[in-house]
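Peer 1: Test case, fold it:
(4 chains)
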2 protein chains.
Amino acid sequence: MSGYAPSEAARRSGFSLDTLRYYEKIGLLADVERTSGGQRVFTDDDLGWLVLFRCLRDTGMPIAQMRRYAQLARDGEHTTDERHELLCHHAARVEEQMRLLQRQYDHLREKISFYERPSGTAAGSEAG
Amino acid sequence: MSGYAPSEAARRSGFSLDTLRYYEKIGLLADVERTSGGQRVFTDDDLGWLVLFRCLRDTGMPIAQMRRYAQLARDGEHTTDERHELLCHHAARVEEQMRLLQRQYDHLREKISFYERPSGTAAGSEAG
DNA sequence: GCTTGACCTGGAGCGCGCTCCAGGTTGGAG
DNA sequence: CTCCAACCTGGAGCGCGCTCCAGGTCAAGC
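Peer 2: Okay, here's the model as predicted:
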């Protein structure tokens, strides 16, 4: 149930081995277990963190902020308010990001439509 | 109507002066006009390109691909099919990007909800 | 016991997209 | 004519997030 070799953790999380080591090195993952010989053993809990990191990374959170979040979580229950706030601020940024992406996607689609309509007028400057 | 000083072009495009120079240096902007003394003069057409570059950049297109598009446009009418295809492929990637962003945003919102619901069970591993 | 592939460490290197700098030139206001 | 802010060039440097490397260790299968 728990206790994954590095390669298995990489497969399940979608992060590379190097990235897993890197995340530990910079303090995103802390206290990763080891075998007596020193090889890493990832738990389900670690995997849960990795899922969260993927979510935050895919939504554009800088690593420094993920570190902060992880540190707060390690600091205990009394940091829940701050963690909550951190995630909410991030969510707001993501919403803005989604709006911008949608807007620029619409521009792109409009641009594409000029290549598809009969052969008419070139509306915006060059690049028709 | 046309003929903007660098600072004005920067203001209107939202790119920094350094970025405008950089874009010219790497061949995104070509044949930017100059005064007799060598200072740049940006045209409405240049501004149009910059608007396009911002759209492509904001949607995550790598600069190498923007260069390719710009070069094709300079190469003339017979490249319209290829340009169209390039933009369509990019649009498809943007759609995928939007889906991923939405999915991860939903995860994030779910995570946030655990901080907001009464005080119940910690569903996903740690980081509650 | 031996082999072999997965794993370890510390540290250097990379790819991207700018950003900054030094040292010199330009050009419009007064 | 003088001044000074805006501009020029070539090239170095940066911040991010990994990614790769050398040289060595571990552990499961035969």
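
Peer 1: was I right about residue A:49 contacting residue A:70?
Peer 2: Yes: contact status for residue A:49 versus residue A:70: in contact at 7.2 Å, counting by CB atoms under 8 Å. Any C-beta I mention is one placed from the backbone N, CA and C, and that applies to glycine too.

Peer 1: Skipping its backbone neighbours, what lies nearest the residue nearest to the spatial centre of chain A in space?
Peer 2: By CA atoms, centre = their mean, chain A has its centre lying nearest to residue A:57, at 1.5 Å. Counting by CB to CB, 6 or more residues apart in numbering or on different chains, the nearest residue to residue A:57 once its immediate chain neighbours are dropped is residue A:66, at 7.3 Å.

Peer 1: Mind checking if the longest helix along chain A is in reach of DNA strand D?
Peer 2: Longest helix in chain A by number of residues (criterion: DSSP state H): helix A:80-116. No: Helix A:80-116 does not reach DNA strand D (CB under 7 Å from any atom of the strand); its nearest approach is 12.5 Å.

Peer 1: does DNA strand C sit close to that helix?
Peer 2: No: using CB under 7 Å from any atom of the strand, helix A:80-116 stays clear of DNA strand C, coming no nearer than 14.0 Å.

Peer 1: In contact with residue A:39, which residues?
Peer 2: Residue A:39 sits next to A:5, A:6 when contact means CB atoms under 8 Å, 6 or more residues apart in numbering or on different chains.

Peer 1: swap in residue A:41?
Peer 2: Contacts for residue A:41 (CB under 8 Å, 6+ apart) come out as A:3, A:4, A:5, A:32, A:33, A:34, A:35.

Peer 1: Which of the residues you listed fall in strands?
Peer 2: A:33, A:34 (DSSP state E).

Peer 1: ok, of the contacts of residue A:41, which come out buried?
Peer 2: The neighbour-count test (16 or more other CB atoms under 10 Å in any protein chain shown) applied to the contacts of residue A:41 identifies A:4, A:32 as buried.

Peer 1: So, low pLDDT: which residues of chain A?
Peer 2: By pLDDT under 70, the low-scoring segments of chain A are A:1, A:119-128.

Peer 1: Return the residues of it in contact with DNA strand D.
Peer 2: Contact residues (CB under 7 Å from any atom of the strand) of chain A with DNA strand D: A:16, A:18-19, A:21-22, A:35-39, A:57, A:62-64.

Peer 1: Helix, strand, or coil at the residue of chain A found nearest DNA strand D?
Peer 2: Residue of chain A nearest DNA strand D, by CB to the nearest atom of the strand: residue A:37 (2.5 Å). At residue A:37 the chain is in coil, as set by DSSP: H, G, I helix; E, B strand; the rest coil.
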